[in-house]
Structures are given as structure tokens and as C-alpha cells.
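1. could you look at this predicted model? Sequence included:
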Number of protein chains: 2
Amino acid sequence: MSDCPAKNLDATLARIACGSCSLVDLCLPVGVTRDEMDELDRIVRRRRPLGRGEHVFRFGDDFRSVYAVRAGSVKTYTMTESGGEQVTGFHLPGEIIGLDAIHSGRHPSSAKTLETTSLCEIPFAQLEDLAVHIPMLGRQLVRIMSREIRGDDELLLLLGKKTADERLAALLLSLSSRLHERGFSAREFNLSMSRNDIGNYLGLAVETVSRLFTRFQQQGLISVDSKHVRLENLDALRALAGFDKPRCV
Amino acid sequence: MSDCPAKNLDATLARIACGSCSLVDLCLPVGVTRDEMDELDRIVRRRRPLGRGEHVFRFGDDFRSVYAVRAGSVKTYTMTESGGEQVTGFHLPGEIIGLDAIHSGRHPSSAKTLETTSLCEIPFAQLEDLAVHIPMLGRQLVRIMSREIRGDDELLLLLGKKTADERLAALLLSLSSRLHERGFSAREFNLSMSRNDIGNYLGLAVETVSRLFTRFQQQGLISVDSKHVRLENLDALRALAGFDKPRCV
DNA sequence: CGGCTGCCGTGAGCTGCATCAAGGCTCGCT
DNA sequence: AGCGAGCCTTGATGCAGCTCACGGCAGCCG
């Protein structure tokens, strides 16, 4: 542990306070003062990065904390009794995961990193206590949860009503606009998730996803090179998906 | 207005305080004291019942309040740009609707009554202010929203992975257990929503839903008489649906 | 090096559910 | 009573996407 090369990195990350984090206006501390942010900083635990494929929490775990993605990406998924997965979301920096566990006190879903990922762990009991002193923090939490509900409802529409093409187009556009918000290119990015995860999330067979990527490329909508995607015709994709910004009103 | 026969009913309903409401342990004021409940009472507006098919709020409306169903039932739905509906939920007494609007300040979905329905309107700004003085109220709000997210995720699994049979079985069991929690029979109830709404919600064509009802009846799983359903073989339904309590962990 | 494992792409055939079409039932309205 | 509008049911047909089967490629390990 002490001679691990990650230690320095760890120490560096530990120094990043909410106030100096570039995600500050995507994450919890929106609208709180400098002093209040320091209070939040005191309860946030910045953990050393997780490697690809590690669990943040597992189905059935006791609920203690919610987690903010700081860098990297995470998939969340629930499980059927028969062992099948349903991927419920891909989460990018600034997003909070674990909110579905508050109600029951146990995690009803699992979360696994898709690549090397660093997270902020926010012990929930302390967050609730802090929210009593910092009303804005509670309000922001509620706003974030509202957005989550909204996002899920949009996904329901996608799974309930849309064709395979529309679904993939919608996912690509969602990733594109979310990455753009975070300062990355909206037109060109890497998919950190496997084709399998994509199919699972969109309610499609892997083979269908694979064929769709091929066809989208043939149609000049995108260029794909394994994990790397470039959106060549955003307007056509938007027309296909049927809406512009899948995760906003 | 003054000679309307609904007026007396209105007055009666208006007298029902949260403290004396039978839904008190399903709704917002869980775990708050008597005095705190009185404070909540002061901001809750008990409106006269809505008739069948009336809107509680519409897509695009300014967000001012959330609503608790007191009696009756409500469907919520979002819309595609092309005008199609996606039903996102059926809501029974004690459930809160409108939570998806907090984030953006506008309702991203519509809510329409399925039968004569009475609601409590809870102005959200006042609820937030009150939550500052009654921490438990804020916590309960967050818990309710967490359950909502959890419920949506379960629905995603349903739409993404389950067959038509499994979907209908899951819906019937969900309604059954939720009605049971509210003191109604778990085995026999009326469907307040149309076959169309059911199909829409489950991502199926009306015709498929109709055929499923017929087949379930032939298989001895249920008896149906138009809106009236009796679950004849709960265990078999549960086995079909693949899980027991669709909206709980 | 060779074998093994995980991920991705492609083709061929099948199937669950949508779609289309038509008829019955109920209820409210004239 | 008679008529029309919704809502529901049933049957026939078609197709989007699933399943199965196979081959390729990259990374990993002995």
C-alpha cells in the first residue's frame, strides 16, 4: 500500500476540493456558498481510482453512501431473479449514483466501472444532516433526483415505443450532449461500454447493435472504429432519434 | 357555485387533515410529529374532486405544486414529438405525482385522472421552506423520490427484458399488492385504466393485451369481466412475472 | 509459439408481437 | 328507440428483431 505508485495520485486526488473541482456546477454543490462547500468537503471521501470492471456497490449491499463520478464512467444495472442483467444507466463525471437505495436502505442495483474511474463517496447520513444546515444542499439533492426520474421516464418512452434505429441514435446523441456539457467533443468520443452493455441497456440483442453500427456507418451517419465513434451527421441522427436532448426537458 | 351539490362534499373533504387521513403512512407526513403535521396541513390545498379524464397538470405547464392522490387514480404520460403518448405510471391513493418537474420548473409529463379522483395540492416552494424547519419532511421527500427512481428502474427491466405475458402478470401483481397496502383486496379489483392505457404502459399493442387477458383466463390464472379482475392463481402469476413485489426491493 | 478467452461482426432462419381488418358491446345523446 | 362513438375482442398476415451458428481478431498466459 505504502509503496504503491497509485499513492501519489491518491494524494493528489484527495486534495481536490469541491470548490476547485471542474464538475462543481454539474454535481451536488450547485448554488451553495464557499463556506458551505467547505462543510461539504469535510464529509466527502475521495477514494483512490477503481480499475476497470470493479464494483462501486453491489445489489443487496447496505446503503451507506451515494457516489459522484469524478472521472471515468460507470454502469448501473439491476438483476432478474434468473440472474439476467438489465443495464439501467451509463454515468459520466458529475453524476450521482446510488440514489435508488435511499428508500429501502439496501442497494437495489449494482454499479460497476467501465474504465478506470475515480469517485467521491458521500456518506448519506452526514449528507442529510448537512442538508439541515444548508437548505440549498437539500434542494439540490431533490433537483438531482427529479432529473433522474425524468431521465428514467424518457428511457421508458424509448424502450416502450421506439425502434432499434431510434434507440441507438438516441443513445449516441445522449452521450454526445452529456460529454459536450463536460467539455469534451460532441462529435467524436470513445464508447467505454461494450456492445453487450449497449444492447442490454437499449433492450436489443448484441447482434442487432452490431448490425446497426454497420448500417449507420454505411448510411454516413457515423464512423465507427471499434470503441471510437464519430457522429458525421448530427441532424440526421436527431431526426432519426426523434428528439434532441434525451436527458433534458 | 354556491348551490352546487358538490359543495358539501367539498367542505367535508376540506376538513380532512393529514393527521386524520388514512393515507398518512403512505404519503408525505411519515415520521413527523403531530405539531409538524399541522404545519403541513396549513400549506396543503385540498381541492374538490376531479371528474374522470380531467387533467391534473399538462406537459409544459409551469411547475408550482406536487399532488398527492387521496382517492381515485391517475395516469401520468409523456409525449413524443410526433404526438404519441407513453404512459409512465398509474398512481393510487397515497402516491405523489409531479416530482419529475422539480428539476426543470416545467412539467415534462401530463397527468390525467382515470376516474373521479381527489387530490391534495402541495405548493412546492412552501414545501421546500417547510422542509427547512421540519428536517424529517425533507428526508421523507427524498425517500419518496428514491422509491420512484427504483420503481422506474424496475419498469425499465420489464420493458427491456420481459415478454408480453411477464409484463401483464407483473402489472396485475403490482396493482394487487399496492391496493392491498391500501386496505383493498389483493385478489379482486377494478382496473380503472383502459386496455389501451395498459398496452401503452407495458409497451404492447391493445390487441395483444386483449388476447393476453383472454388467455390468462383460459389458463385459470385470472377471471376477467371487462374492468373487473380476480386473480385466481397468485402463485402462478408470480412465477410468470418472475418476482413477487414489483415495486419494492 | 499455440491455445484460450472475451469481444465483435455476419449470415440464415424463426417467432412473438405489431398491424390490418372486421365485428360486437355499451353507453350517452337525440 | 335508434344512432353513433368509444372500447373491446378476434382472426389473418407480415415483419423487426431474436436466436443460433460460425468465423475473425486482440490480448493474455503458459
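-> Yep, it's here.

2. the residue nearest the centre of chain A bridge partners, please.
-> Nearest to the mean C-alpha position of chain A, by C-alpha atoms, centre = their mean, lies residue A:91 at 0.9 Å. Following DSSP bridges, residue A:91 is listed with bridge partners residue A:74.

3. so where do the strands sit in chain A?
-> All strands of chain A, identified by DSSP state E, fall at A:45-46, A:55-57, A:65-71, A:74-79, A:85-91, A:96-97, A:110-113, A:118-123, A:188-190, A:222-225, A:228-231.

4. which one of those strands lies closest to residue A:196?
-> When these are compared by C-beta to C-beta, strand A:85-91 sits nearest residue A:196, at 9.1 Å. Placement of C-beta: from N, CA and C, glycine included.

5. tell me what angle the closest one forms with strand A:74-79.
-> 150 degrees (axes from the mean of the first three to the mean of the last three C-alpha atoms, to 10 degrees).

6. same list (the strands of chain A) but as CSV, adding mean pLDDT.
-> As requested, the strands of chain A are exported to CSV (pLDDT from 0 to 100):
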stretch, mean pLDDT
strand A:45-46, 90
strand A:55-57, 95
strand A:65-71, 96
strand A:74-79, 94
strand A:85-91, 95
strand A:96-97, 98
strand A:110-113, 96
strand A:118-123, 95
strand A:188-190, 95
strand A:222-225, 95
strand A:228-231, 96
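
7. average pLDDT across stretch A:159-176?
-> Computed over stretch A:159-176, the mean pLDDT rounds to 96.

8. nearest residue to residue A:87 other than its sequence neighbours?
-> Nearest non-adjacent residue to residue A:87, counting by C-beta to C-beta, 6 or more residues apart in numbering or on different chains: residue A:201, 4.0 Å away.

9. ok, now residue A:186?
-> Nearest one to residue A:186, counting by C-beta to C-beta, 6+ apart, is residue A:180 at 3.7 Å.

10. let me know the pLDDT of the one you found.
-> pLDDT, read off for residue A:180, is 95.

11. with residue A:4 instead?
-> With respect to pLDDT, residue A:4 has a value of 42.

12. what is the end-to-end distance of stretch A:155-168?
-> Using C-alpha to C-alpha, to the nearest Å, one end of stretch A:155-168 lies 12 Å from the other.

13. touching chain B at all, that stretch?
-> Yes: counting by C-beta under 8 Å from any C-beta of the partner chain, chain B has neighbours in stretch A:155-168: A:155, A:156, A:157, A:159, A:160, A:161.

14. turn those residues into a markdown table, columns for distance to residue B:146 and neighbour count.
-> As requested, these are arranged in a markdown table below (distance: C-beta to C-beta, whole Å; neighbours: other C-beta atoms under 10 Å in any protein chain shown):
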| residue | distance to residue B:146 | neighbour count |
| --- | --- | --- |
| A:155 | 17 | 27 |
| A:156 | 18 | 23 |
| A:157 | 22 | 26 |
| A:159 | 21 | 22 |
| A:160 | 23 | 25 |
| A:161 | 26 | 19 |
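
15. show the pLDDT at the residue lying closest to residue A:167 once chain neighbours are set aside.
-> Nearest residue to residue A:167, sequence neighbours excluded (C-beta to C-beta, 6+ apart): residue A:202, at 4.3 Å. Residue A:202 is assigned a pLDDT of 97 by the prediction.

16. cool, and the one 4 residues further on?
-> Per-residue confidence (pLDDT) for residue A:206: 97.

17. tell me which residues touch the residue lying closest to it once chain neighbours are set aside, please.
-> Nearest non-adjacent residue to residue A:206, counting by C-beta to C-beta, 6+ apart: residue A:199, 4.6 Å away. The neighbours of residue A:199, taking C-beta atoms under 8 Å, 6 or more residues apart in numbering or on different chains as the test, are A:205, A:206, A:208, A:209.
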